[in-house]
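1. any chance you could fold what I've pasted below:
(one chain, ligands or ions: 2)
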Amino acid sequence: MPEPLSVTTPIEFLKGIGPKRAEALAEDLGIRSCGDLLFHLPFRYEDRTRYHRVSEAVPGPVQVQFRGTIRNPKEIQQKRGKRLEAEFTDEHGDVLSLVWFKGAQWVARNLPIGQPCVVWGKVSEFQGGRNMAHPEVMGLGEANSASALHPVYSTTERLGRFGLNSNGLAKAVQRMMVQLRTIHGADWIQETLPPEILSLRGMPGLAVALEQVHQPSDANVERLGRFRLKFEEFLFLQLLLVQHRNQQTQDLPGEAFTEVGAHFNRFYKERIPFELTGAQKRVIREVREDTRNGRHMNRLLQGDVGSGKTMVALLTALLAIDNGCQACIMAPTEILAQQHLAGFREMLGDLPLRVELLTGSVKTADRKPILQGLEEGSVHLLIGTHAVLEPKVVFHRLGLVVIDEQHRFGVAQRARLWAKASIPPHILVMTATPIPRTLSMTVYGDLDVSVIDELPPGRKPIRTVHRTDSQRLGVFGFIREQIELGRQIYIVFPLIEESAQLDYKDLMDGYESLTRHFTPPDYRISIVHGRMKPEDKDAEMQRFVEGVTQIMVATTVIEVGVNVPNASVMVIESAERFGLSQLHQLRGRVGRGANQSFCVLMSDKELGKEARRRLETMCRTQDGFEIAEVDLELRGPGDLMGTKQSGVLDLKVADLVKDRALLEDARDIARRILKGDPGLELTHHALLKSGVERLRAARPDWSRIS
Ligand code: ADP
Ligand code: MG
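-> Ligands and ions are numbered 1, 2, ... in the order given. So this is what the prediction gives:
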């Protein structure tokens, strides 16, 4: 080894590792350097402060330790190799048999026969007696010097074969820390946080924190060390994100919407059929602030289903139009785009504005005048699907793009939008999937977030109940009553890729059974699923929208945005198989009119713990943010919103759910620091600056995720 050991030394050069183990460590755990191993933290600890009595030990998965002596080792020939058995007697004279099925000879040579020692492992019941298979055996001295909380590391079977099971890793870490301390002294690893930050929250330095986490003397010490490591992780993440956002808003130009003009005012005075909610007004103000001064707006608008995001979109579009720009509203599906077109035209009434629709199914002949109007600037507002992204669609002066239901819009598409104007259009992304605050602070750290946290007045809460299959006839009776009242019904079946065949069969069986219970001419049923041609799907959907059919049987294709105010019942089949946010979205399809609406969650009687929690949550609350929090708790951040691949949430120490308060704290501190020193140029921020640079270099891919 040419250089003295340091955290950047390749792990291969750590004593006892070598090239073969190094390769396995890199492949299995991503550990390449000594520093990587140092940050491979224990995921739990075993309490080794207590010695048990053999006579009282309970067989089972919990590991225990006994103090005593080992005698009478016996090697017994088996079919393959040898088995080793030995007799262990604890301090109270109770006897337990120890057994090894592998490595018998090696173990036999190393057993401290007749010496006081400690054995550690799981006790099992075996042929009427008790034994302990493959116990860990330590001399008394070794056992006493081990830290009270024994660290447990994640590892793999292959690494285990290389002697790097949890204990092997523990020993490697200890060896490394001893060596580093010998070479570099008490500050054996370079500190990464400035002293003022450490003292701000009473945190230990990095070297101490790592020692406390790898070799804690007790649980409090471990917590303190880990707190420091988590805090650091959040702080650098937040510094990076907040800084990124500050730069974005400063550097990028956007059209300046300096005035609230004639169309906006006339629409506001004459055409809005209701009073805006306080939340809607607040969001409009936020958008106004963003767009008035020539900086680029990149705003995420979160508002539960039915909270009135469309009106915000329209008012924002009018603001753009009054300032000489064109606006574009993108919807994820053809049907939604059509609904928006119809809605907008009706709302705008006789205002002299040209609103057009552009989707995949608009015929070439009809397309021409629209494209021309866009290029000349005579089309003020374009509503469309992804078709508007095509290069042929050229705007005269595009100033604003509203993207409805953001989760279907990717980075590449955003880039294509930007190419459509010399000044990047302002962007308002609207989503009805509430995002827990912790996530929006991390994943969407570089977006401004507006929230509509208030529903328009007079909404009746949707009554949600859980029913099992045995109660199906009752549910059918209820459906019949609702139809007699003139209402319409959704019945939704799951369709999941992995089980598509079976799901499809369930859907068809369900449909068959419904057609037997609800026969024409009194009842008419629509069906929509993914195997139908898009035209047929749209036609069926249209029949339901127009009220020709009273029941819509569907897979989750209806999830996003459809508005049929007369639909008052949402029945969700196999509800236990849906995720919480999906259930919430589906339920949002009803409760849009004046009538009392209902959601019926159908499931098996037998439910797993998580499924039960999901259904209970749905029955208990209608608050999308509350539901999102439970969802985050149940599923973890990686699964939510497909952020797994983005790597943004690849946290090493901290946990977004459990450490929420810490995240908020780190964000506040990051903001405060950057307010006084936006570029982290001050000398006493040098450590912070280099920490942020390290992080930026490690994760170059995370800006602009939405
Ligand atoms: P979403 O946020 O799910 O897109 P919409 O914009 O479709 O919700 O609004 C749902 C319904 O609420 C629409 O029928 C709309 O006209 C109505 N609405 C919106 N804002 C208000 C308001 N301030 N007062 C009363 N009704 C409103
Ligand atoms: Mg909407």
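2. and the gap between Val394 and Val312?
-> Look at Val394 and Val312: by C-beta to C-beta, to the nearest Å, they are 27 Å apart. No exception for glycine: its C-beta is placed from N, CA and C like everyone else's.
3. more neighbours: the two, which one.
-> Using other C-beta atoms under 10 Å as the criterion, Val394 and Val312 rank with Val312 on top: 25 against 13.
4. secondary structure element for Arg130?
-> strand 129-133 (DSSP states H and E).
5. what's the closest non-adjacent residue to Asp631?
-> Closest residue to Asp631 apart from its sequence neighbours, by C-beta to C-beta, 6 or more residues apart in numbering: Leu580 at 4.1 Å.
6. again, but for His92
-> His92's closest residue in space is Arg53 (C-beta to C-beta, 6+ apart), at 5.6 Å.
7. the one you found: what's it in contact with?
-> Phe66, Asp90, His92, Asp94 (C-beta atoms under 8 Å, 6 or more residues apart in numbering).
8. contacting residues for the residue nearest to Asp631?
-> Taking C-beta under 8 Å, 6+ apart, one finds Arg614, Thr617, Met618, Ile627, Ala628, Val630, Asp631, Leu634 in contact with Leu580.
9. redo that, cut-off 7 Å
-> Contact partners of Leu580, counting by C-beta atoms under 7 Å, 6 or more residues apart in numbering, are Arg614, Thr617, Ile627, Val630, Asp631.
10. report the secondary structure state of the fourth one.
-> In terms of secondary structure, Val630 is helix; the call rests on DSSP: H, G, I helix; E, B strand; the rest coil.
11. how close does it get to Arg613?
-> 7 Å.
12. and the two? Which one has more around it.
-> Taking neighbours as other C-beta under 10 Å, Val630 and Arg613 compare with Val630 leading, 19 against 15.
13. so what's that one closest to, chain neighbours aside?
-> Using C-beta to C-beta, 6+ apart and skipping residues adjacent in sequence, the residue nearest Val630 is Thr617, 4.9 Å away.
14. what's the host helix or strand of that neighbour packed up against?
-> Element membership of Thr617 [criterion: DSSP H and E] is helix 609-620. Applying 3 or more C-beta pairs under 7 Å, 6 or more residues apart in numbering; DSSP states H and E, one finds that helix 609-620 makes contact with strand 463-468, helix 580-587, strand 598-603, helix 624-635.
15. return the distance of the longest one from the chain's centre.
-> Taking C-alpha atoms, centre = their mean, to the nearest Å, one finds the center of helix 624-635 at 10 Å from the center of the full chain.
16. only the buried residues of it, if you could.
-> By neighbour count with 16 or more other C-beta atoms under 10 Å, helix 624-635 contains the buried residues Gly624, Ile627, Ala628, Glu629, Val630, Asp631, Leu632, Leu634, Arg635.
17. how about the residues of the stretch 351-500 of the chain by ligand 1?
-> Ala432, Pro456 (C-beta under 6 Å from any ligand atom).
18. again, only this time at 5 Å
-> For the stretch 351-500 of the chain, the contact set with ligand 1 under C-beta under 5 Å from any ligand atom comprises Pro456.
19. quickly find the element holding the residue nearest to Ala628 when sequence neighbours are not counted.
-> Nearest in space to Ala628, with sequence neighbours left out and distances taken as C-beta to C-beta, 6+ apart, is Pro434 at 4.4 Å. In the assignment (DSSP H and E), Pro434 maps to no helix and no strand.
20. pretty sure Pro434 contacts Asp623?
-> No. Pro434 sits out of contact with Asp623 when judged by C-beta atoms under 7 Å, with a separation of 8.5 Å.
21. same drill for the two, tell me which one is more crowded.
-> Pro434 (25 against 14).
22. can you show me the helices along the stretch 351-500 of the chain?
-> With DSSP state H, counting those that start in this stretch as the criterion, the stretch 351-500 of the chain has helices at 364-376, 411-418, 437-442, 472-484, 500-517.
23. next SSE downstream of the last one?
-> To tie it back to what came earlier, the one meant is helix 500-517. Helix 500-517 is succeeded, C-terminally, by strand 525-528 (DSSP H and E).
24. helix/strand/coil for Val99?
-> strand.
25. so it bridges to which residues?
-> For Val99, the beta-bridge partners under DSSP bridges are Glu85, Ala133.
26. I figured it hits Gly129, correct?
-> No. At 10.9 Å, Val99 and Gly129 do not qualify as touching, with contact defined as C-beta under 7 Å.
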